[in-house]
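A.B. asks: What follows is a protein structure lacking sequence information:
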């Protein structure tokens, strides 16, 4: 059948491939159908406060209709008001929609940026192609660790095992061969499926299905469309909207009833109701929140956290548990030589990301011998054309261990390829799992030495078996039991550190037996493979990223539990956990205690152990209660040898504890856990598209430390949103009181509805956004994550403090300004009370003021009143902005330059409105005498002093009330 | 994204709320202990008392700083408004309709005028002095009783045929109605720049026919000795000078638009946005 297939789809000219590609489309899954844009748009139009404002607008139009029908004098005011309200809703809706679309686009562009690569043979040439360029008939090569780039039929396989868990849920790797074993494609051994992983071995196959026609594509198209649940910040904002809307509606209805019972006309009462709603609703706030979130998202993107969903920005801040992958996230995701053992001594190697030299002692002749084996007995090669890159960044063709050795040698010895060229290889036995060694025979670069050099590396115990001597300080010494003991100790020690240990030995073949022309045959092994000379051990580990230990300790002080979930061996997992601080130096696992006390594990009181290393096999047998117990009782947990399904179980377990869980993942099979998590974090480099799709956030550098930056930003934005909301809510009272007093005391209306909109959407916007730039108050990463049930974005204290204290002070200040303006223009406060009906009666054009003057120009005075009220709210909002800048710290303790932009913009906009647009009738502003700007200043200072005193008390007596 | 929302039944919610109002275990009333509530109430009480005090103090200071005799600013009183009696408003400004033969339709108008003129009876004006100078009546000192300034007398008989004395029906039954025009009081306002401002009424839009008007006092002038006005406190008995106009040739059953302007320097009468500034527009049938 293979012949048939290859002839049917010749792996031939590129043109053919292009043709097939054009016919079948790219080899990628069609993303799940997105919500139609229009639905998204409409959602923005009716979400949040919009519905209240729509009600206001509709009421305005109704009253316009009634007034028009009654033939009243100026019905158009209400028409305009309705139109303005509708415009506000539509504009903020468009803005929010635009913001959302923008962040979606970032994501879309990103997923194209790092495509999966596939090693393809086309035109008899091996090349790496983006996986989506694959077409049916392509021949691809895969090796352990690769994701299968399409459904392929194997034509060559060597020790190939695949992890089909994303398809079948079976986490046990299954072996794959070229044999057709079953009619069912899912069962047969010679097909590997798209998006599954090759765990080990190598294979070559022909692509038989691409894109949506692959098995997983068919499944994916069936199961797509998983609903998105709400993020914590969305819940907070909803809570806030409910709160404010509740206040608005209840005050509105209350005063509607009051005004009706005070014998106001129903129509008037409705107009009051609109005013109250408009005053209560912070029109600009949701837009401000969106802007603040996207500012943070941008800032996070700069720090390599790409946020797909704006609201997820904050989720990270409330995270209390991070379930992190090991490989690639905590570690560098590349094997690196960590230790060496030769001359009976262990040497440590530098494992940092950017090593350029190795510090250990390289003077011993044993090292020279060892380095020669390391260099020669190695099939890995640098991809050409990377001479200018740092060694650690170069791409290598070869498996992980060999890559590590190659780079290690390159760092120390320089040009490895050149050394290999000078020591020409004459024979080679590659590594396989039966004999567990790799061997090669070389001519030496010493022209005087005609001997062949046999070099071998492999599993240390197997290598040792084949040796009869050991090299100490360059001299071969017999391998006695004492030396073997020393070897065992070193081997155990290195293995105990979770490192992969390789043994190295060599033999100079005697010249007389193996002359220059000798033909080596690797099948019959016509050369000695025992009685070799043992040279040394090298151990490798995927070392932790250098930034991770610091990040973990930051998490710890921030009250975030870091749980490592890995498929690796428990020993390796524990070693890495210890080295990055997930298991701290002082804490012990049950096993550690048992070892220390020299008692069996069963006798240890497991409550004494703060750390735990849980094996996937144990986890399988655990009930959810047992898991809960472990999660509760141990502060430091490592899950090793876990399957993706178990990852999901762990996430659910954490969520049962009430934690906000962040999960990192890269594979297709991590998607359920990523989706289940409160915030799924996909790896940008190693991550599969499926993982990136399921995640809320993508770590561009795959680095755990970036998560911590994200947490910090998330907490900061929560704090800052709190400030923004407090700032915005405060003036609501100062906008609301005028209406209430107007209704009750029948004074001329102090501030108009349009004017209120100018505050909410004009002067207040930039300062609210400026608060998003506020820096963290000192303790941000030293406090526990917020409790999502108790620490609300808007709690009673915040609302009450804003509404009933600062808001009242603002209202008093604004009213003093209002009365001052009226008094100095002729209407003393005593005259104003109860004048509303006559004041608003257009038939009275000789309205008498306190000095006996007669007025018909009252509208202008009323507008002057509006302007004065507006100006004094603005002035006091400056104070409000200053006090909201910090919640605990004094203003003297914390600076923020953007705040100045906020303050100046606020005053600037107010100046433009009053003096620039003061002559535009429709806006109801009049140029205001300059001194009225200062009437509210004492009140602004009062607000500031009052709040400083409050902060002083909070700092003095933390924790009370 | 996992859900953070727990579904609760209504009864659970009610129970939660009841526990919130009064938690018997922790003895918390609405989340706080009773004594805590008392302290908070006291704090708020004190806070509001202080805020009221500050407000009262501010108003008190304000009252201390304002001049009792004249307002500090007259930003919006550059030019006086002109008003008409009787004042009956329709949907588009002053509109007066009546039926000559049906006295009920004009009774109200007459009563309005009579009531308006009661302030101008000799009895009502007895505190004021007779003025004869045709110049501004400046008073730098308080010459009147109780630290007041003197005001000039304006009695209704100065309106002659429209005074309501000779003709208590103000000419309404004859179809030659009287209207009284008044200029709004503005403190220290000096109209006319030395010449007395006068009222002039014309048809609007219909320039061909000439409106015949009798003005009382003669020429329809406001005598300068009524100006300047020094305010209610200085001139408690001041009353505005009036001009009465009697339309002599109004065609019946036709809607007329009549514009009466006060002409004089300092009186703006052509501001389209301000229908009453310096003029009054009357529709009359």
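C.D. replies: That came through, no problem. This is a predicted model, so every value here is computed, not measured.
A.B. asks: looking at chain B, which helix or strand is least sure?
C.D. replies: strand B:279-284 (a mean of 56; mean pLDDT, DSSP states H and E).
A.B. asks: and what of chain A?
C.D. replies: Lowest by mean pLDDT, DSSP H and E among the helices and strands of chain A is helix A:2-8, with a mean of 44.
A.B. asks: what does the average pLDDT come to for the helix or strand just after that helix?
C.D. replies: Going down the chain from helix A:2-8, the next helix or strand is helix A:14-24, by DSSP states H and E. Mean per-residue pLDDT for helix A:14-24: 79.
A.B. asks: Buried residues, helix A:14-24. List them.
C.D. replies: For helix A:14-24, a neighbour-count test (16 or more other CB atoms under 10 Å in any protein chain shown) marks A:17, A:20-21, A:24 as buried. C-betas here are computed from N, CA, C, even on glycine.
A.B. asks: need those residues in JSON lines with distance to residue A:910, can you?
C.D. replies: Below are these laid out as JSON lines (distance: CB to CB, whole Å):
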{"residue": "A:17", "distance to residue A:910": "66"}
{"residue": "A:20", "distance to residue A:910": "66"}
{"residue": "A:21", "distance to residue A:910": "61"}
{"residue": "A:24", "distance to residue A:910": "63"}
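A.B. asks: out of those, who's nearest chain B?
C.D. replies: residue A:24 (33.9 Å; CB to the nearest CB).
A.B. asks: Check the secondary structure at residue A:328 for me.
C.D. replies: Under the three-state scheme (DSSP: H, G, I helix; E, B strand; the rest coil), residue A:328 adopts coil.
A.B. asks: wait, I meant residue B:244
C.D. replies: Three-state assignment for residue B:244 (three-state DSSP): strand.
A.B. asks: Residue B:16: neighbour count?
C.D. replies: 11 (other CB atoms under 10 Å in any protein chain shown).
A.B. asks: Give me the distance between it and residue B:10.
C.D. replies: 11 Å (CB to CB, to the nearest Å).
A.B. asks: what's residue A:610 in contact with, if anything?
C.D. replies: Counting by CB atoms under 8 Å, 6 or more residues apart in numbering or on different chains, residue A:610 touches A:587-588, A:634-636.
A.B. asks: Where do the strands of the stretch 51-200 of chain B begin and end?
C.D. replies: Remark: strands of the stretch 51-200 of chain B, listed N- to C-terminal, are B:82-85, B:89-90, B:93-96, B:178-183, B:198-203; assignment by DSSP state E, counting those that start in this stretch.
A.B. asks: Least reliable of the ones you listed by average pLDDT, please.
C.D. replies: Sorting those by mean pLDDT places strand B:89-90 lowest, at a mean of 60.
A.B. asks: so what pLDDT did the closest residue to residue A:411 other than its chain neighbours get?
C.D. replies: Excluding its sequence neighbours, the residue lying closest to residue A:411 (CB to CB, 6 or more residues apart in numbering or on different chains) is residue A:391, at 5.6 Å. On pLDDT, residue A:391 comes in at 82.
A.B. asks: what sits against residue A:391?
C.D. replies: Residue A:391 sits next to A:356, A:407, A:410-411 when contact means CB under 8 Å, 6+ apart.
A.B. asks: Could you do residue A:202 as well?
C.D. replies: A:141-144, A:157-160.
A.B. asks: Now intersect those residues with the strands, please.
C.D. replies: A:141-143, A:157-160 (DSSP state E).
A.B. asks: Can you get me a residue count around residue 119?
C.D. replies: No chain in the question, so chain A it is. Quick note: residue A:119 (other CB under 10 Å) scores 17 neighbours.
A.B. asks: Correction: the question concerned chain B.
C.D. replies: Count around residue B:119 with other CB under 10 Å applied: 12.
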